[in-house]
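Peer 1: What shape does this take:
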Amino acid sequence: MAKGNADHEKVPKAVGYHKLYRYATPTDGLLIALGTLGGIAHGATLPLWALLFGDVINTFGAVGSDFMEKVRSISLAFMYLAVGSFVVSYLQMGLWMLVGSRQARAMRIRFLLSALNQDISFYDTDASTGALLNRMEEDCVTIETAMGEKAGTFVFNVSMFFSGIGIALAYGWDLTLVVLAAMPLVGGSMALLFKVMGDSSRKSQAAYSEANSIAQSALSAVRTVYSFNAEAATQAAERMGVRQSAAVGLCLGAFQLFMFCAYALALWYAAGRIRSGEYDGGTVMTVFFSALIGGFSIGQANPCIVAFQNGRIAGARLFAVIDRAPSIDLHKGGRTIEAVAGEVSLRGVEFAYPSRPEAKVLDGVSLTARAGQTVALVGQSGSGKSTIISLVERYYDPLAGSVCLDGVPLCELDLKWLRSQIGLVSQEPALFATTIYENIAYGRPGATEAEVRRAAQAANADSFILELPSGYETTVGEGGVQLSGGQKQRVAIARAVLKDPKVLLLDEATSALDAQSERLVQGALERLMAGRTTIVIAHRLTTIRGAQHICVMQQGKLVEEGSHAELLAKPHGAYAQLIAVQEASGSRETQMPSAIQGDALVPSFPVETDAAQAERAVEAQAKPPAEKPAAKGSGRETRSWLRCLSAKAKQVPVSADEEMALDADKPREPDAGGQAGPKLGRLMALNAREWHLMVLGVIGSAGLGATMPAFAVALSSIIAVFFSPDLDEQKQKADMWCLIFVAVGVLSFVCSFLEQFSFGVMGARLATRVRVMLFGAMLRQEVGWFDRDENNSGALTSMLGTDAAHIRGAVGDTFGIIAQNLFTLGAGFVIAFLNDWRMTLVIIAAVPLIVVAGIIQAKLLQESPESVTTKEAANADQVAAEAFQNIRIVQAFNLQEGVTSLWEKYSAADARGKSRRAHVTGVGLGFSEMVMYGVYGLAFWYGGTRVEDGQMGIEQMLKVFFAVVMGAMGASNAQMSFPDAHKANKAAKRVFSVVDRVPQLNSNSSAEPPQGGRMNGAIQLENVRFVYPSRPEVTVLKKLDLTVEPGKIAALVGESGSGKSTIVGLLERFYDVAGGSVSIDGVDVRKLPLKWVRDNLALVSQEPTLFAMTVRENIKLGRPNATNEEVEDAATLANAAEFIRSLPEGFETLVGERGTNLSGGQKQRIAIARAVLKDPSVLLLDEATSALDTESEQLVADALEKLMQGRTTIIVAHRLSTIRRAHVIAVMKSGQIIEQGTHEQLLKEQPEGIYSSLISLQQSGGVM
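Peer 2: Prediction:
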């Protein structure tokens, strides 16, 4: 049960850094060697600059006859340094980044393959889909950084340290020690800064992850959403952001203060040494800057060391999975049976799930399914039936006893071979977000199109598939949402038919089928089961009477077994009692309405002519169309997983969407600027209440921006002082300028705190507002909006996280940096112009090169790969996500290698983009540094001409040089933030495009509910025509009329895809009609408040959706303000309280991702309790009890009967025996109501009609 926390509790021991390179190839080795040489050479460039700068100072400080010759020599040396810097910068950055991306990709491939090969218990206890995806993405990005960019930067900084300190010691060891003496304080403040930022970032990320997890759950099952409180988790992240801003401001201010104090100390000491004749001004500058460069390189290496440590920890997490030996190993090998007979036996089996080892699920179970025999498992939900299926598939091994095939324990057989002999059709069909053709072909990779088509025909799927616009190439959508429940199940059955297994496992395999389709599938399954061992799980006992052997399970034990007749001969036996309960239920159905009942199917033997009769009956009717829209066909050019895998296959997740209720707030009108205009102004408007923080932030930015120009003036002045012949004046002015350095440090401390805190708080609060506003806007949209491919849950959750982060960064960091550096630019140019406007103009002429170089670098860094690889990378991520979510299907069909190959194919474009990014980043960095050193050479050459002409002195020249260069750096730093601002603007456009979008469903939140706020429940559909927005060319409902009086019960029956669930969707107003009207209490639903409508409706659908929360929280979604007593009362009415209290933590038990810790029946009872708690005026039941065992179903039927009293109820039914007493029965076909009346009226007035035919089919099949 602690799966969600597993990753946090298990902190792995970091692996050795060298082990991260375990997958390096000889090519990687060559790249590493060249990158290392480039990093070493690049690290020496700045100390070489310090040497040249010392020569500049001495040359300008003592002008001689050979002055211009020296100036030209120095300027040429700067040009050589510029060219060399270009080459080595590229080698360092470009090649190391390439190494990192190559190694991370290799790790991803091995991690994915290893994760898919893990035993199912690993997914139960140690990992969730989200955790595995996080490791595959976030951890690999961390490793990529540690092995790539940071590795090269570390080599660069180490080289810079040794070369800088070496030069400094060689030219003046004592001054070097003075400079380095202050480094511990500077480095300590920097280290503290990184630690604070790292800790705060992790805590903020944890809070955001919680909020995003809630959002992901809500958006992936939006039809089930009633209300969620994601805002609370987001506000926790906001509080962390505020604390982080204050701490970062203090640490950054302390760093600036200590740094300027270090400057003051070193220059004060140097002035004394100059007066004593030990040093000259040039030597002081060489030692000063070399020592600073060397000292700071250690601090700059610290983030690299942190990145290495994070990479080692991330590597440990990855290698823990890669190196993990699964207890059930696909590659272990083993025996194969040459001629498989198919006998399956359990011998004294005991079992408990790894996630709940204290709760024994099977206790000494022994049973045998002889070769070719059909064995049915019956019993209550949670009695262990599905567990037996899992043991036969060998998802788990028993704790005691053995499971055997043809007498050979499964643990001795080759696992891959074993699973190739078994076919599985489960209660909740698992389809993948690819084409229908590929979903079927997964049963046997390499099957021909003709074989796939025959399998679909055998499963009665061919007719509805051909009705779809793209036929077999129709994409089914995420989780198969574009198909109805019956259609999804028939595709899953076709998949099992194609596999042609020796052992067939049917877990409520026909629970979603209508009567006609069920009879056809029954015939198909009879043919498939002939000569094969079949194990069937059944709740509807009438469907398994023909099974040769029936096993009755109770609380994990096999209490009875035998044939139907043998078990009935024991009148007080468990089976006879179950039969009696169902028969009593059947007799009561003539007296009371009940919820829909789904039947699992075991065909009776011998094969009768019922299937042929059913085929004739269906052939007389039109082919069933698709009820829900398939995504617009992408034809043969769609993602063809099978063809991509060269006859291998892959899967995608199944999400069972339960349509319940969706809060709707008043839609916002688009702003006048439209979606194309800039949105940063609107973001700032959201920060209007923090105007006082804005003022403080701007003041801080202005003060911080002025520190570098002040530093330029102070440094230029004190250098000039070093050449003063008057020693007393030199001492006096040196002391004064050193105190000014300290004053600038104090100013930096105060202003750093003001800027960081003010803008940081603004950004954190803005991010919270944006997240909450955006999440609310998403939940406000109509369901049709979520049907679009671009609005899948993953993309929307990413928008909540990434876009809000970009916006927070723009306000919290970018705005402050831009303001600060613009002040630096302005102040620098003012100082330069005041000292010499001619030299200022010459340098300014070259400044655009610096700025352009920075812009090019930023552009290449930010945008090179993204525009071309985002879609492909997203497809690769989707492959992994779907495989993790449907790991049982992946393993059942042996698709591990196929999925991994497909991920490699989809991620290839992303890999190429990263390779390009590495090269252009290296080129951009090299170009930027080349321009910088070139401009230095130009500035000193022109300054030399001005000094030689006597038009300026060394002090003026240095002030102009430092002021303009620092101003240009400020402009460069500011423009490097422009991509972040641009990102924020683009993110704001995306955010406001959702916020401003007016849902096609007008929520009418200002309208008054009729009749005092309580819905009476009169429902009328008049001349309704409907098409799904994603497939407007297909009409789903055609001129449909239906009236249901208040408090009455209406039943909708008919083949799958006839439009029954669509009517439910229109009543919940997930969609609006294309023609006609849907009215409640005589008012068109489009004129009623949407929230009021949904507050008064409750839906219990066929596939229950639970969220990864506690049982209590899942039930409270029906009414969030309900008390604990009301929740438990609702659970009692739904027959859920008893099993809930038997769970380890009762109502506080976590249900797991999508309710995986509960059985199907348990999940459905929680969903029913949720509807009971809602206390609606209109109840919508869509196969509401299909997952319940007989005993539970009867109790739930009683609960639903009480709930239905006085309420309008609409039932979608396949089991016609359950709706005989409905006040009106509507028989649907092809989107129209063909027959309508009570049970008696339809049988009497239309004895040859569709309803009568359906009744005959079900009676002849024994499913009544």
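
Peer 1: List the contacts of stretch 169-179.
Peer 2: Residues from elsewhere that reach stretch 169-179, judged by CB atoms under 8 Å, 6 or more residues apart in numbering: 54, 165, 168, 262, 265-266, 269-270, 273, 278-279, 283-284, 286-288, 290-292, 295. C-betas here are computed from N, CA, C, even on glycine.

Peer 1: Of these, which belong to helices?
Peer 2: The helices, defined by DSSP state H, take in 54, 165, 168, 262, 265-266, 269-270, 273, 283-284, 286-288, 290-292, 295 from these.

Peer 1: Let me see the contact set for residue 141.
Peer 2: residue 104.

Peer 1: cool, residue 421 as well?
Peer 2: 340, 342, 405, 501, 502, 503.

Peer 1: same thing with residue 116?
Peer 2: 883, 884, 887, 890, 891, 895, 896, 899, 900.

Peer 1: Of these - the most surrounded one?
Peer 2: The most crowded member of these is residue 883, carrying 29 neighbours; neighbours defined as other CB atoms under 10 Å.

Peer 1: wait, that one sits on residue 897?
Peer 2: No - between residue 883 and residue 897 there is no contact under CB atoms under 8 Å: 11.5 Å.

Peer 1: Just to be sure, which of the contacts of residue 116 are found in helices?
Peer 2: Those of those lying in helices (DSSP H): 883, 884, 887, 890, 891, 896, 899, 900.

Peer 1: where does the stretch 351-500 of the chain have low pLDDT?
Peer 2: For the stretch 351-500 of the chain, the stretches flagged by pLDDT under 70 are 428, 433, 478-479.

Peer 1: do the same with the stretch 1151-1264 of the chain
Peer 2: For the stretch 1151-1264 of the chain (pLDDT under 70), the answer is 1153-1154, 1184-1196, 1198-1199, 1202, 1214-1218, 1257-1264.

Peer 1: where exactly do the helices run in it?
Peer 2: Using DSSP state H, counting those that start in this stretch, the helices of the stretch 1151-1264 of the chain run over residues 1160-1174, 1190-1204, 1239-1245, 1250-1261.

Peer 1: Test my guess that residue 150 contacts residue 304.
Peer 2: Yes - using CB under 8 Å, residue 150 is in contact with residue 304, at 4.4 Å.

Peer 1: the more surrounded of those two?
Peer 2: It is residue 150, of residue 150 and residue 304, that has more neighbours when counted by other CB under 10 Å, with 24 against 21.

Peer 1: The helix or strand where that one lies: which residues count as buried?
Peer 2: Using DSSP states H and E, residue 150 sits in helix 149-171. Of the residues in helix 149-171, 149-161, 163-165, 167-169, 171 count as buried by neighbour count, 16 or more other CB atoms under 10 Å.

Peer 1: Please compute how far that helix lies from its chain's middle.
Peer 2: In this view, helix 149-171 has its centroid 41 Å away from the chain centroid, taken as CA atoms, centre = their mean, to the nearest Å.

Peer 1: Restricting to C-alpha, output that helix in PDB.
Peer 2: What follows is helix 149-171, C-alpha atoms only, in PDB (Å, rounded to 0.1, in the frame of the first residue of the first chain):
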ATOM      1  CA  GLU A 149      27.900  19.800 -19.800                       C
ATOM      2  CA  LYS A 150      28.900  19.700 -16.100                       C
ATOM      3  CA  ALA A 151      31.700  17.300 -16.700                       C
ATOM      4  CA  GLY A 152      33.200  19.600 -19.300                       C
ATOM      5  CA  THR A 153      32.600  22.600 -17.100                       C
ATOM      6  CA  PHE A 154      34.300  20.800 -14.200                       C
ATOM      7  CA  VAL A 155      37.400  20.100 -16.300                       C
ATOM      8  CA  PHE A 156      37.400  23.800 -17.400                       C
ATOM      9  CA  ASN A 157      37.200  25.100 -13.800                       C
ATOM     10  CA  VAL A 158      39.900  22.700 -12.500                       C
ATOM     11  CA  SER A 159      42.200  23.800 -15.300                       C
ATOM     12  CA  MET A 160      41.300  27.500 -14.600                       C
ATOM     13  CA  PHE A 161      42.100  27.000 -10.900                       C
ATOM     14  CA  PHE A 162      45.600  25.500 -11.500                       C
ATOM     15  CA  SER A 163      46.500  27.900 -14.300                       C
ATOM     16  CA  GLY A 164      45.200  30.900 -12.400                       C
ATOM     17  CA  ILE A 165      46.700  30.100  -9.100                       C
ATOM     18  CA  GLY A 166      50.000  29.000 -10.800                       C
ATOM     19  CA  ILE A 167      50.300  32.400 -12.600                       C
ATOM     20  CA  ALA A 168      49.400  34.300  -9.400                       C
ATOM     21  CA  LEU A 169      51.900  32.500  -7.300                       C
ATOM     22  CA  ALA A 170      54.600  32.900  -9.900                       C
ATOM     23  CA  TYR A 171      54.100  36.700 -10.000                       C
END
